[in-house]
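**Q** I'll drop the sequence and a predicted model, then ask my questions.
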Amino acid sequence: QVQLVESGGGLVQAGGSLRLSCTTSGRTFYMYAMGWFRQAPGKEREFVAAISRTGNSTYYADSVKGRFTISRDNAKNTVYLQMNSLKPEDTAVYYCAAVNSWYITYDLRQARNYNYWGQGTQVTVSS
């Protein structure tokens, strides 16, 4: 069982920055590809960014490309989402997710492919 704990959310003005962190339990973090998703009120959960288990491949939604950066530190069992130039439309609950990709490669843009989810952290961007 993998437990994910997000942190770093908060209230920020438009144009500002936040860095989200997601720390996992266990000693097999290196086997897991990681993703960030978000859900705004009244909307479906949507893909934000993902990173392969090695960190060699990253993926971004078009809406955040060039503004957000996903990274991971396998020694710290942590994945990060650096969010710059934030916009009011980035306001949402952000969720960290994990999938064991040691043997199988998954489409990391699809929420249904992830086995484990964090509880979410609120990001609010004021105009």
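**A** Structure received.
**Q** Just the residues contacting stretch 18-29, thanks.
**A** Contacts to stretch 18-29, defined as C-beta atoms under 8 Å, 6 or more residues apart in numbering, come from residues 1-10, 12, 32, 34, 36, 74, 76-83, 86, 94, 96, 98, 100, 118, 121, 123. C-beta here means a position set from N, CA and C on the backbone, and glycine is covered the same way.
**Q** Need the buried ones from these selected in ChimeraX.
**A** Buried residues within those, by 16 or more other C-beta atoms under 10 Å, are selected in ChimeraX with:
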select :2,4,6,8,9,12,32,34,36,77,78,79,80,81,83,86,94,96,98,100,118,121,123
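**Q** residues in contact with stretch 41-53?
**A** The contact list for stretch 41-53, computed with C-beta under 8 Å, 6+ apart, reads 30-39, 57-61, 64, 68-72, 79, 81, 92, 94-95, 101-102, 108-111.
**Q** what separates that stretch from the chain centre, distance-wise?
**A** Distance, stretch centre to chain centre, for stretch 41-53: 7 Å (C-alpha atoms, centre = their mean, to the nearest Å).
**Q** can you check stretch 86-98 too?
**A** The mean C-alpha position of stretch 86-98 is separated from the chain mean by 8 Å, C-alpha atoms, centre = their mean.
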